[in-house]
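*Asks:* With the sequence up front, the predicted model follows.
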Amino acid sequence: MNTNDDINNKKSDKYYKYYETEEYKKNYAEHQIRLAQGLIDMRLENSMGTQTEIIPKPTYKELEKEPFLARITAQLETNNHDGYCSDEDCKYTRKIVKAVIIVPEQYRTQSVGLIANTREYKWANHLLLPEVNVQGSGYCRFVKPKGGLGQHKYRYTIKKVEIVKNKKYKSISETETNRKRYLVMTTEGSYSIEIYEPYGYSDTKKGAQKMADDAVCYGIKGDNNNHIIFSSAHIYDLDNMKYIGSDNVLSEEFEYYLERRRPVTSYWDKDKGALVNYTKQELAARLNKLYNKMVDKLEGLPDISK
C-alpha cells in the first residue's frame with residue numbers, strides 16, 4: 001500500500017525528470033526569448049513613436065561587403081531615472097547619437113551626400129534602445145514634461161543622414177549562407193528575484209560565448225554610485241529557439257572581478273564597536289590575493305584551445 005510520502009515522492013520524481021527533457025528546455029528557452037522581446041516592446045512604447053522596432057547592428061564583415069554606407073546623426077532626449085524609480089524627479093538629458101548602417105533598399109540609388117527627406121524611413125530603428133524605466137513604481141515627483149517629454153519617455157530626432165563611401169569595402173561575391181544568430185541574456189539580483197535582460201547578439205557561437213564571459217567579468221549597468229553587476233549570462237540559439245549554454249567564468253574569476261569593480265572598503269571592528277576603513281595597502285593586498293587564486297585555478301585547467 002502506497003503511503004502519502006510514496007505518492008509525493010513519485011510526483012516529485014516525475015517533475016524532476018520533466019525538467020531534464022528537451023521539451024522543457026525548449027519551452028524554457030522560448031519563454032526567456034519572449035521575456036526579452038517583451039522588455040524591448042515595453043521600452044519601445046516609451047519612444048513617443050520615434051522608434052518602433054530594433055534592427056540588429058550590422059557586423060563588421062557585413063559592412064565590408066557594402067561599397068556605400070548610411071551615416072546617421074540623431075539627437076536622443078530622455079526624461080528618466082538613472083536607476084530604479086524613486087521619489088526623485090526624472091532627469092532630462094540630451095545627447096548626440098551616431099551610427100553607420102547598410103544603406104536601405106529604397107536609397108540604393110542615392111548619390112553620395114546628404115539625404116534630403118529623412119522622414120520616409122524609420123532611421124531611429126537602427127539606433128540604440130535606451131534603458132528607460134519600465135519596472136519602476138512610476139511615482140516620482142513629476143510636475144511637468146521637460147523638453148516636451150513625459151515621465152520615463154525618450155525621443156529620437158534625426159538630425160541628418162548621409163550616404164558615404166565605405167573605405168573598408170571589400171568586393172566579395174554573393175553566396176548563400178545559413179548564418180545563425182545567438183542571443184546573450186544576463187541576470188542580476190538574487191536567486192529569488194532574478195531579472196533577465198537581453199545583453200547582445202552574435203552571429204557565431206564563439207562570439208556569443210566571449211560576449212557572455214565579458215558580461216560577467218566586465219559588464220556594469222548604472223552610474224558609479226549605484227551600479228549593478230551581472231551575476232550570470234546565458235546563450236540562446238535563436239534559429240532553433242533553444243538554450244545552448246552559459247558563461248564559462250569560474251567562481252575564482254568572478255570573485256576577483258567583483259572585488260576589482262566594487263571593492264569592500266570597510267569592516268566592522270567588534271573591539272572598537274565601529275566601522276573601520278581598509279587602507280589602500282590592504283585593499284591592494286586582498287585584490288592581489290584573489291588574483292593569484294584565480295591564476296592558480298586557470299593554470300590548473302587543461303588547454304583545450306589547440
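*Replies:* Now that the structure is in, tell me what you want to look at.
*Asks:* Can you name the residues that contact W268?
*Replies:* Counting by Cβ atoms under 8 Å, 6 or more residues apart in numbering, W268 makes contact with 274-276. Heads up, the C-betas are built off the backbone N, CA and C, glycines and all.
*Asks:* Longest helix of the chain, counting residues only.
*Replies:* helix 22-44 (DSSP state H).
*Asks:* What residues of that one count as buried?
*Replies:* 29, 32-33, 36, 39-40, 43-44 (16 or more other Cβ atoms under 10 Å).
*Asks:* export those residues to JSON lines and tack on distance to F254?
*Replies:* Formatted as JSON lines, these follow (distance: Cβ to Cβ, whole Å):
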{"residue": "A29", "distance to F254": "24"}
{"residue": "Q32", "distance to F254": "22"}
{"residue": "I33", "distance to F254": "26"}
{"residue": "A36", "distance to F254": "23"}
{"residue": "L39", "distance to F254": "25"}
{"residue": "I40", "distance to F254": "28"}
{"residue": "R43", "distance to F254": "29"}
{"residue": "L44", "distance to F254": "33"}
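*Asks:* So the residue most central in space within the chain: helix, strand or coil?
*Replies:* In the chain, the centroid-proximal residue (Cα atoms, centre = their mean) is Y199; its distance is 2.0 Å. Following DSSP: H, G, I helix; E, B strand; the rest coil, we place Y199 in the strand state.
*Asks:* what sits against it?
*Replies:* Taking Cβ under 8 Å, 6+ apart, one finds 184-186, 211-212, 215, 219, 230, 233 in contact with Y199.
*Asks:* Select from these the one having the most neighbours.
*Replies:* A212 (28 neighbours; other Cβ atoms under 10 Å).
*Asks:* Which neighbouring elements make contact with the helix or strand where that one lies?
*Replies:* Per DSSP states H and E: A212 is located in helix 205-218. Applying 3 or more Cβ pairs under 8 Å, 6 or more residues apart in numbering; DSSP states H and E, one finds that helix 205-218 contacts strand 182-188, strand 195-202, strand 232-237, strand 242-246, helix 251-261.
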